[in-house]
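K.L.:
Need coordinates for the below:
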Amino acid sequence: MTKKLALGTLAGGAILFIWGAVCWMALPFHNWGFREFVDPEAVALAFRASSPESGVYLMPYSEKHGEMTEDQKRLPFVLATFKSDGIGPMGAKMLGGFAIQCLGAFLVTWLLFQTKGLSYWKKVSFVATIGATVWVLGHLPYWNWWGFTCAYTAAYLVDLVGGWFLAGLAIAKFGGQPS
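P.N.:
Have a look, this model is predicted:
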């Protein structure tokens, strides 16, 4: 069981990592949901002047939950992640990304171990369905509540279901069910 869990974790994690690299660097669909500021320098200056520290910012912010404030009616809505010192070294991000994908593949391989009697293609479908579930629960709420665009949300559908389908091909083969 341990060997199959390790194989499913590493194969699935590697495939997800490679799929993510292809999605972001070679395929165009992640660009569908992003827009560019007309004057990024002015926006950067405004963020630095208005944001005391790195974090997630909401504008207009209100502690009055459940009621619409005048600012919320009149000001533009902004949800932004702000890192005052930039993104940081890409190598550390890539290593972290690979570790996250392996953690996901470990959990999905373990979930697959909890099933019995599935054919290879049903195992693949099971894993791909987990990708779809992650999209429904992780991205559709952002579309609904925060106004993420349909294009951005659709890009993640392709990313998650496609990636987990491909990972499922390996997880179903190498992870399978424990013997």
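
K.L.:
the helices in this protein, which residues?
P.N.:
2-25, 40-50, 70-74, 90-113, 120-138, 140-146, 150-170 (DSSP state H).

K.L.:
Where in this protein is the helix or strand with the lowest mean pLDDT?
P.N.:
helix 70-74 (a mean of 85; mean pLDDT, DSSP states H and E).

K.L.:
how far away is A11 from G163?
P.N.:
A11 is 13 Å from G163, where distance means CB to CB, to the nearest Å. Every C-beta, even on glycine, is put in place using the N, C-alpha and C of the backbone.

K.L.:
related to what we said a few turns ago, would you convert the helices of the chain into a markdown table that also reports mean neighbour count and distance to N31?
P.N.:
Output for the helices of the chain, formatted as a markdown table (neighbours: other CB atoms under 10 Å; distance: least, CB to CB, whole Å):
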| stretch | mean neighbour count | distance to N31 |
| --- | --- | --- |
| helix 2-25 | 18 | 9 |
| helix 40-50 | 11 | 16 |
| helix 70-74 | 10 | 30 |
| helix 90-113 | 16 | 19 |
| helix 120-138 | 16 | 18 |
| helix 140-146 | 12 | 18 |
| helix 150-170 | 20 | 8 |
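
K.L.:
where among these is the average confidence lowest?
P.N.:
Sorting the helices of the chain by mean pLDDT places helix 70-74 lowest, at a mean of 85.

K.L.:
Tell me which residues touch the residue of the chain positioned farthest from its centre, please.
P.N.:
Distance from the C-alpha centroid of the chain peaks at E70, with 33.2 Å (CA atoms, centre = their mean). Counting by CB atoms under 8 Å, 6 or more residues apart in numbering, E70 touches no other residue.

K.L.:
again, but for the one 5 residues further on
P.N.:
L75 is in contact with 59-60, counting by CB under 8 Å, 6+ apart.

K.L.:
Distance-wise, check it relative to G147.
P.N.:
Counting by CB to CB, the gap from L75 to G147 is 14 Å.

K.L.:
Kindly report the same for V158.
P.N.:
Taken as CB to CB, the span from V158 to G147 is 20 Å.

K.L.:
Tell me who's in contact with P60.
P.N.:
By CB under 8 Å, 6+ apart, the contact set of P60 is 69, 71-72, 75, 77.

K.L.:
could those residues go into a markdown table alongside distance to Y61?
P.N.:
Putting the contacts of P60 into a markdown table (distance: CB to CB, whole Å) gives the following:
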| residue | distance to Y61 |
| --- | --- |
| T69 | 9 |
| D71 | 8 |
| Q72 | 9 |
| L75 | 10 |
| F77 | 11 |
